[in-house]
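S.K.: generate coordinates for the sequence data below:
(one chain, ligands or ions: 1)
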Amino acid sequence: MSTPAPGLNEVLQRTFAFPKPHFLSVTDLNEVEVANLLDLAESFVALNRQTSKKLDLLAGRTLMNLFFENSTRTQSSFELAGKRLGADVVNMSPRSSSIAKGETLIDTAVTLNAMQPDLLVVRHASSGAASLLSQKVTCSVVNAGDGQHEHPTQALLDALSMRRACGRIAGLKVAICGDIAHSRVARSNIAMLQMLGAEVRLVGPPTLMPSQVDRWNVAVHHDMRKGIAGCDVVMMLRLQLERMDGVMAPSQREYFRFWGLDREKLAHAAPNVKVMHPGPMNRGVEIDSDVADDLTVSLIQDQVEMGVAARMAVLATLAARLDNER
Ligand code: ASP
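M.R.: So this is what the prediction gives:
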């Protein structure tokens, strides 16, 4: 690159080799590694706000986005992240409805691997899919959401948004609310927030709490007002109807009445509370537009912005690891 983009030095100083060949789970990282990734992501935030955003850390590398489930934010932010770091990016969206899952996943992985990608970003409806795929390919695999298991880059971007808004993560009281049972976002966030020293509470109807919740070392509330009382962050989750097998929630109107976040319920949280939602939102179901669109409390747009920076940090460090292996 002829003229280095402003901020490049900072990025280069902070870039380190990712600790594992793949990023499949929050448990692939320890507290120090998360802090280092967040610091690196901070420099990408600054860079992404400049006119000249393009770096060549991934020049010559090929990134494949393989999304078996629909996505707006995650897929486009991985695409942007890859392009801003100079990679060639290919997007593939196989229709999950027409494929026999396990066999096709492996066939697809082997086929794609033959095209020599360096990084494969995968989203699939089955828990464990990214891990399975990582055993069949020679490139680095990033889990962009596997069933209701994990969504580690979401947890990273959420931690970045929280740290920027609240100045810290340790000691924060965070309520994760709604459809916990079907949420990979909840699972990854619980693991990361606990690792970083936050106090996590889960709030929602008993039918939408996972059966293993008592093993997670979190307080569980079924009353929204009590559950979010005094919380610094309220993270709302989408009611994931596509993962529900039978009726697990009342009508959407009833759901909003008991567990939807509106001004009245939010008044029970801490005075400077911040509201988060990974998207896509069901307005009027789990969150009122009045709260979601109030930029004095809502971090929802910040989360989208942080998604690009956090994914750039993951891709840059995975590529640094590949460079070391040369
Ligand atoms: N976008 C997030 C996910 O892929 C949350 C959601 O879909 O509700 O898990």
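
S.K.: contact partners for L24?
M.R.: Contacts for L24 (CB atoms under 8 Å, 6 or more residues apart in numbering) come out as A130, S131, S134, V141, V142, N143, E150, P152. From N, CA and C alone the C-beta is placed, and that goes for glycine too.

S.K.: do you know how far the residue of the chain at minimum distance from the ligand is from G279?
M.R.: Of all residues in the chain, R238 sits closest to the ligand, at 3.5 Å by CB to the nearest ligand atom. Going from R238 to G279 by CB to CB, to the nearest Å gives 8 Å.

S.K.: can I assume A59 sits in a strand?
M.R.: No: assigned with DSSP: H, G, I helix; E, B strand; the rest coil, A59 falls outside any strand and is coil.

S.K.: and the residue of the chain closest to the ligand, how far from L266?
M.R.: When CB to CB is the yardstick, R238 and L266 sit 18 Å from each other.

S.K.: how about T62?
M.R.: Shown here: T62 relative to L266, a distance of 45 Å by CB to CB.

S.K.: let me see the contact set for C166.
M.R.: Remark: with contacts taken as CB under 8 Å, 6+ apart, C166 is in contact with L172, D232, V233, K274.

S.K.: actually T74, sorry about that
M.R.: Contacts of T74 (CB under 8 Å, 6+ apart): F67, R123, A144, G145, H151, T153, Q154, G307.

S.K.: now, which of these lie within strands?
M.R.: Here DSSP state E is the test, and the contacts of T74 give F67, R123, A144, G145 as lying in strands.

S.K.: what's the burial count for the residue nearest to the residue of the chain closest to the ligand when sequence neighbours are not counted?
M.R.: If the residues on either side of it in the chain are set aside, R238 comes closest to N282, at 5.8 Å by CB to CB, 6 or more residues apart in numbering. Residue crowding around N282 was assessed by other CB atoms under 10 Å; the count is 19.

S.K.: so what does N282 look like in phi/psi?
M.R.: Recorded main-chain torsions at N282 are phi -100, psi 100, according to degrees, to the nearest 10.

S.K.: same question, V89
M.R.: Listed backbone geometry of V89 is phi -120, psi 130, with angles given as degrees, to the nearest 10.

S.K.: for E199, same thing?
M.R.: According to degrees, to the nearest 10, the main-chain angles of E199 amount to phi -100, psi 120.

S.K.: let me see the contact set for it.
M.R.: Taking CB under 8 Å, 6+ apart as the definition of contact, the neighbours of E199 are G171, L172, K173, V174.

S.K.: is it in a bridge, and if so with what?
M.R.: Here E199 sits in beta bridges with K173, going by DSSP bridges.

S.K.: could you shift the numbering so residue one becomes 13, and keep it that way?
M.R.: Okay, residue one is now 13; in that scheme the one you just asked about reads as E211.

S.K.: which parts of stretch 135-145 are buried?
M.R.: Buried residues in stretch 135-145, defined by neighbour count with 16 or more other CB atoms under 10 Å: R135, H136, S138, A141, A142, S143, L144, L145.
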